[in-house]
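Undergrad: sequence plus the predicted model coming up.
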Amino acid sequence: MILPDKLRDHPLVLFPDFRNFIAGSVLVAVAARYFAIAIAWWVISLEGENGENLGILMAVQALPIFLLSPFIGPLIDRYNKKNCMIIGVCMQLFFLAVIVWLMYGDKLGFVTLAVLSFAMCCFMPQLEASISTSVAKLVDEERLTSAVALQSSIVEFSNIIAAVLSTSVIAVAGMLQALYLNIALYVCGTLFLFLIKVDLSAEPGNAEGEVNYWEELKRGLSYIWNYKELRAFGVVYACSAFFILPIFIMIPLLVKNVLHETVTWVAVLETCFSVGAVVMTVGMSFRQQYRNFYRKYAVVLAFTAIAMIVSGMGIHPNVVAGSMIVMGAMFAAMLALANMLFQFTVPQELKGRFFGLVATAIAGTAPLSYMFVGFVSDWLGVDRVMTVCGTGLLLLTVSVLLIPRVRRHIGYDDVIS
């Protein structure tokens, strides 16, 4: 198929509601990542052990996802997913407005910020589960692989825009003005989500009152527990998250403590990471089939590990930037491949519960990961922490080749039981 035909056959061209969904999701993700970058720089600019404070803040932000995701998944399966997305965004916007109001009055302290960030993140599981379970309803099955590849890298699209916007506005106008723009991004994202017209109501039999809530939750847990191949891959996926997620703490610490550069280099490295991710995502969004899934996933983990170790050496800012491009591309591929496996394997009526439980597993590792990086980086240095994380990923590269398989290929009919 030649390029013009591929473009005409792309889900963004064929499905208007998918376009609105992607636009709204990207803007909301930009707003969330923008907030994280801006507040991270605010925290590490405070006096004291900035690495510890940043680790504590990010652990506090991940805690609601760990606590709430198992219970949110069954609820998402019972309600209209468009409404769930919009309510989740609006509540995050409310708590952001409170943070901005306190900062305006010079009354925002670290403890208050941590409490409000916790409250703000209590609505992240609702938003993320709604987004993950909506994709299959917005496109046809033939183009689901392409749509999942695109949706899986919403975070990376957002990182490029957020990194450039946040650091630029902070440098030019200051932190408070940067957060005013943050509010505007949330509002724009909400408007695009309002434009979705496809019916995202609950699947038949999942609607409120038709099934007992606790029975739904038990069914989701039972599905994962009894599907040993899927469970094995989920463990590898959660462990890889432990080593990869701290990159968003390590970048500002690497810039400040190893490269000894200004906030501009935080934007540069964040942008390089995201450029690699976006390039990989765009390429993957034109493919609908993937052979030898587990081997591809192992290669992705190996390249991520090497790029992380090289970045931690801090040889030169340009070398680190190049490594970030590679790491971003591999991170996007890892997310896309994992989500393809999940989307093609898990029944639609169980996806809310499943993605809620996956979010719980990831969120369970995130606080430990953030605290590990925050505290150990103040003790040993962020460069050594990145070497440890890279080594962990290399060990997982071997593990993923040894676990039982769910599917040999993606986009084909073969399923290994």
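TA: Ah, there it is.

Undergrad: just checking, residue 167 touches residue 262?
TA: No - counting by C-beta atoms under 8 Å, residue 167 stays clear of residue 262, with 9.2 Å between them. (Each C-beta comes from the backbone N, C-alpha and C, glycine too.)

Undergrad: more neighbours: these two, which one.
TA: The neighbour comparison of residue 167 against residue 262 (other C-beta atoms under 10 Å) goes to residue 167, with 24 against 12.

Undergrad: can you give me every residue that contacts the more buried one?
TA: Shown in contact with residue 167 (C-beta atoms under 8 Å, 6 or more residues apart in numbering): 37, 41, 263, 264, 266, 267.

Undergrad: tell me where the stretch 301-417 of the chain has helices.
TA: Ranges of helices within the stretch 301-417 of the chain are 317-345, 351-379, 382-402, based on DSSP state H, counting those that start in this stretch.

Undergrad: which of those helices sits closest to residue 81?
TA: Closest approach to residue 81 among these is made by helix 351-379 (8.2 Å; C-beta to C-beta).

Undergrad: report the mean per-residue pLDDT for that closest one.
TA: Averaged across helix 351-379, pLDDT comes to 68.

Undergrad: list the residues that contact residue 89.
TA: Taking C-beta under 8 Å, 6+ apart, one finds 28, 123, 127, 186, 189, 190, 193 in contact with residue 89.

Undergrad: excluding chain neighbours, what is closest to the fifth one?
TA: Just to be clear, that refers to residue 189. In this structure, residue 189 finds its nearest non-sequential neighbour in residue 27, 3.3 Å apart by C-beta to C-beta, 6 or more residues apart in numbering.

Undergrad: assumed residue 270 was part of a helix.
TA: Yes - counting by DSSP: H, G, I helix; E, B strand; the rest coil, residue 270 is located in a helix.

Undergrad: tell me the first helix or strand C-terminal of the helix or strand harbouring residue 171.
TA: Assessed by DSSP states H and E, residue 171 sits inside helix 154-173. Using DSSP H and E, the helix or strand that follows helix 154-173 in sequence is helix 175-194.

Undergrad: show me what that next one is packed up against.
TA: Where contact means 3 or more C-beta pairs under 8 Å, 6 or more residues apart in numbering; DSSP states H and E, helix 175-194 is packed against helix 16-44, helix 81-104, helix 154-173.

Undergrad: burial measure for residue 85, as a count.
TA: Counted with other C-beta under 10 Å, residues neighbouring residue 85 total 28.

Undergrad: so residue 52 touches residue 373, yeah?
TA: No - with contact defined as C-beta under 8 Å, residue 52 does not count as touching residue 373 (10.4 Å).

Undergrad: these two: which is more packed in?
TA: Using other C-beta under 10 Å, the more surrounded residue of residue 52 and residue 373 is residue 373, with 28 against 16.

Undergrad: quick one: residues contacting the more buried one.
TA: Contact analysis of residue 373 by C-beta under 8 Å, 6+ apart lists 51, 55, 246, 249, 250, 253, 382, 385, 389.

Undergrad: next one: the closest residue to residue 337 other than its chain neighbours from residue 21, what distance?
TA: Leaving aside its sequence neighbours, residue 337 sits nearest to residue 297 (C-beta to C-beta, 6+ apart; 5.4 Å). Using C-beta to C-beta, to the nearest Å, residue 297 is found at 26 Å from residue 21.

Undergrad: tell me the most buried of the helices and strands packed on helix 175-194?
TA: Greatest average neighbour count among the helices and strands packed on helix 175-194 goes to helix 16-44 (a mean of 23), per mean count of other C-beta atoms under 10 Å.

Undergrad: average pLDDT for that one, rounded please.
TA: For helix 16-44, the per-residue pLDDT averages 85.

Undergrad: now the helix or strand that it is followed by: average pLDDT?
TA: Where DSSP H and E defines the elements, the next helix or strand beyond helix 16-44 is helix 50-78. Throughout helix 50-78, pLDDT has a mean value of 73.

Undergrad: what do you get for stretch 166-179?
TA: For stretch 166-179, mean pLDDT is 82.

Undergrad: now do the end-to-end distance for it.
TA: Separation of the first and last residues of stretch 166-179 by C-alpha to C-alpha, to the nearest Å is 9 Å.

Undergrad: quick revisit: most neighbours among the contacts of residue 89, which one?
TA: residue 28 (27 neighbours).

Undergrad: check contacts around that residue.
TA: Here residue 28 is in contact with 89, 127, 185, 186, 189, 190, 193 (criterion: C-beta under 8 Å, 6+ apart).

Undergrad: how about 7 Å then?
TA: 89, 186, 189 (C-beta atoms under 7 Å, 6 or more residues apart in numbering).

Undergrad: could I get these in a markdown table, plus columns for distance to residue 176 and pLDDT?
TA: Shown next, in a markdown table, are the contacts of residue 28 (distance: C-beta to C-beta, whole Å; pLDDT from 0 to 100):
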| residue | distance to residue 176 | pLDDT |
| --- | --- | --- |
| 89 | 22 | 92 |
| 186 | 16 | 93 |
| 189 | 21 | 92 |
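
Undergrad: just the closest of these to residue 275, please.
TA: Closest approach between the contacts of residue 28 and residue 275, by C-beta to C-beta: residue 189, at 21.8 Å.

Undergrad: got the contact list for the closest one?
TA: Applying C-beta under 7 Å, 6+ apart, we find residue 189 in contact with 24, 27, 28, 31, 89.

Undergrad: for residue 87, see how far away the residue lying closest to the fourth one once chain neighbours are set aside is.
TA: In space, and not counting its chain neighbours, residue 31 is closest to residue 185: 3.8 Å by C-beta to C-beta, 6+ apart. Look at residue 185 and residue 87: by C-beta to C-beta, they are 18 Å apart.

Undergrad: give me the pLDDT value at residue 160.
TA: As predicted, residue 160 sits at a pLDDT of 64.

Undergrad: brain fart, residue 284
TA: Looking at residue 284, its pLDDT reads 77.

Undergrad: just checking, it touches residue 334?
TA: No - the pair residue 284 / residue 334 is not scored as a contact, 11.2 Å apart, by C-beta atoms under 7 Å.

Undergrad: tell me the pLDDT of residue 408.
TA: For residue 408, the model assigns a pLDDT of 61.

Undergrad: tell me the contacts of residue 114?
TA: Contacts of residue 114 by C-beta under 7 Å, 6+ apart are 56, 57, 60.

Undergrad: number of nearby residues for the second one?
TA: By other C-beta under 10 Å, 24 other residues sit near residue 57.
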